[in-house]
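In: predicted model and sequence follow; I will ask about them next.
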Amino acid sequence: MPRAPRGTNDVLPAQQHYWEHVETEAESICKIFGFDRIRLPMFEDSSLFVRGIGEATDVVEKEMYTFLDRGGDSLTLLPEGTASVCRAYIQHGMHTMVQPVRLFYFSPIFRYERPQSGRYRQHHQFGVEALGSEDPIIDAEIIELARSFLNRLGLYDTTLFVNSIGCPTCRVPYGKILREYYQDKLDTMCQDCQSRYSRAPLRLLDCKKPTCQPLALDAPHTIDHLCSDCSQHWEQLLNYLSAINIPFEIRHSIVRGLDYYTKTVFEFQPNNEAGSQTTILAGGRYDGLISQIGGPSTPAIGFGSGIERLVMNIQALQARSPADNERPVVITAAGSVDQHILVQKAAELRSQNIYTTIVPSGKSMKAQMRYAGAINARFVIVLGEQELSSGVIQVKDMDSGSQEEISATSLPGHIISRLQSTQS
């Protein structure tokens, strides 16, 4: 009797509503945060992944589905989506667009792994990428989007684990410290880690083998060896997460399995055993990847989540959820307003399913209004020092050009009312 290849699955009609639910909620939350969909090819030139993911990674060494086509070119089925999005960013000149470029995708992913519950040789991934900003506010937004997405699926009971793995400047000295720590432990480590010791020491912290995990727990922490820029970025991110009431735990062993990650890395794990396979969404920064594969120096951050694993958790919990919106509300700052206030106001609006964007920091008011016009904003919220001290904010209607002053506490209700009145 013919069977599907090992590590692959048919999604039968009875399962479709779970998949549609995940995809609908993913598209809806991406719209609220201002992300547009991109569709990727299922295969790329093999060199893209060797250069981008890293030759010393398990993905490149052991897991890629690579073949020669009839023209003799080496091609690889997508083992992950980020490198393909970065290739598209370069190829289509997206660096000339309003930055950051916010993209999301759904794609089949292929890896030659040992099949087990929640892990397949072909799975389907929902991915989100923000390219063109190094501001830690974007990191907080990406994490907020991820958490909101999981909540919409009814997966409320999760823990966010975060870490910073620094940049090339602080990684070189940290790598030496890590090698010194592991030097007298090599004989007790697995064969893979013995190989990684000299080539990719950071990956030693990510080993899942029982012999190596206790060693990783006692290893020097990356966040204790960050350069000043990475340390400042890390502290700002934690402050932003606290400002929008996203609880988190610092987990020093999170480094992610691909060489392109820098600074922020994070994972969401369910606080129950119902879904098997602990991590259900993970991501991080990759500020050097685009230049590494031939593009301009471009900071970026994103995450991926396997749809099969999400469906397993939804089914186990019998979870469900809502919502949608159209043109963005843009948050701007007049003068030196504390960035935490911008993050908080955006979070208040998004919690009401209002598509909201914060203008990238460092722009003049004129440039902020140009940005709002460029992304077709419906309303612009102007947060000024003097007004905030009086408990008021300015709301500009971008269609009529009118501007009004409202109570800061009534902002979400006011915007909802205005949106409803324009739709009726």
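Out: That came through fine.
In: who does the helix or strand harbouring V330 touch, helix- and strand-wise?
Out: Secondary structure from DSSP states H and E places V330 in strand 329-334. Judged by 3 or more C-beta pairs under 8 Å, 6 or more residues apart in numbering; DSSP states H and E, strand 329-334 is in contact with helix 339-350, strand 356-358, helix 365-374, strand 379-384. All C-beta spots, glycine's among them, are computed from the backbone N, C-alpha and C.
In: please save the CA atoms from that strand in CSV.
Out: C-alpha atoms of strand 329-334 as CSV (Å, rounded to 0.1, in the frame of the first residue of the first chain):
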residue,chain,number,x,y,z
VAL,A,329,-3.1,54.6,13.3
VAL,A,330,0.4,56.1,13.6
ILE,A,331,2.0,57.2,16.9
THR,A,332,4.4,60.2,16.7
ALA,A,333,6.4,62.2,19.3
ALA,A,334,6.6,66.0,19.4
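In: pull up the pairing partners for it, direction included.
Out: Within its sheet, strand 329-334 is paired with strand 356-358 (parallel), strand 379-384 (parallel), according to DSSP bridges.
In: any idea how far the first one is from the chain center?
Out: Right, the one you point to is strand 356-358. Chain-centre distance of strand 356-358: 17 Å, with C-alpha atoms, centre = their mean, to the nearest Å.
In: give me the domain ranges for this protein.
Out: According to automatic domain parsing, the chain comprises the domains 13-167+227-317, 168-222, 329-423.
In: just the terminal-to-terminal distance for the first one.
Out: Between the opening and closing residues of domain 13-167+227-317 lies a distance of 20 Å (C-alpha to C-alpha, to the nearest Å).
In: now that domain: mean pLDDT?
Out: Averaging pLDDT along domain 13-167+227-317 gives 92.
In: and the helices and strands packed on strand 329-334, which is most packed in?
Out: strand 356-358 (a mean of 23; mean count of other C-beta atoms under 10 Å).
In: burial measure for the residue lying closest to F33 once chain neighbours are set aside, as a count.
Out: Nearest residue to F33, sequence neighbours excluded (C-beta to C-beta, 6 or more residues apart in numbering): L145, at 4.8 Å. A count of nearby residues for L145, using other C-beta atoms under 10 Å, gives 23.
In: can you check the one 5 residues further on too?
Out: Burial measure for L150: 25 neighbouring residues, criterion other C-beta under 10 Å.
In: from the contact counts, what lies against the helix or strand harbouring it?
Out: Assigned by DSSP H and E, L150 falls within helix 136-152. When contacts are defined as 3+ C-beta pairs under 8 Å, 6+ apart, helix 136-152 packs onto helix 16-32, strand 122-131, strand 158-164, helix 228-243, strand 262-270, strand 281-285, strand 300-306, helix 339-350.
In: in CSV: the ones you listed, plus distance to S291.
Out: Output for the helices and strands packed on helix 136-152, formatted as CSV (distance: least, C-beta to C-beta, whole Å):
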stretch, distance to S291
helix 16-32, 26
strand 122-131, 12
strand 158-164, 20
helix 228-243, 17
strand 262-270, 12
strand 281-285, 14
strand 300-306, 11
helix 339-350, 27
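In: nearest to L419, of those?
Out: helix 339-350 (10.6 Å; C-beta to C-beta).
In: what helices or strands is that closest one leaning on?
Out: By 3+ C-beta pairs under 8 Å, 6+ apart, helix 339-350 packs against helix 136-152, helix 228-243, strand 329-334, strand 356-358, strand 379-384, helix 411-423.
In: what's the average pLDDT for the shortest one?
Out: Model confidence over strand 356-358, given as mean pLDDT, is 94.
In: and for the fifth one?
Out: Throughout strand 379-384, pLDDT has a mean value of 94.
In: quick one: residues in contact with that strand.
Out: Identification of contacts with strand 379-384 by C-beta atoms under 8 Å, 6 or more residues apart in numbering yields 329-335, 337, 341-342, 345, 369, 372, 393-398, 403, 411, 415, 418.
In: likewise the fourth one?
Out: Judged by C-beta under 8 Å, 6+ apart, the contacts made with strand 356-358 from elsewhere in the structure are 32-34, 137, 141, 328-331, 342-343, 346, 349-350, 375, 377.
In: could you pull up the residues touching the residue nearest to F33?
Out: Here L145 is in contact with I29, C30, F33, F35, V128 (criterion: C-beta under 8 Å, 6+ apart).
In: mind doing that once more with 10 Å?
Out: If you count contacts by C-beta atoms under 10 Å, 6 or more residues apart in numbering, L145 has them with 26, 29-30, 32-35, 102, 104, 128, 130, 303, 350.
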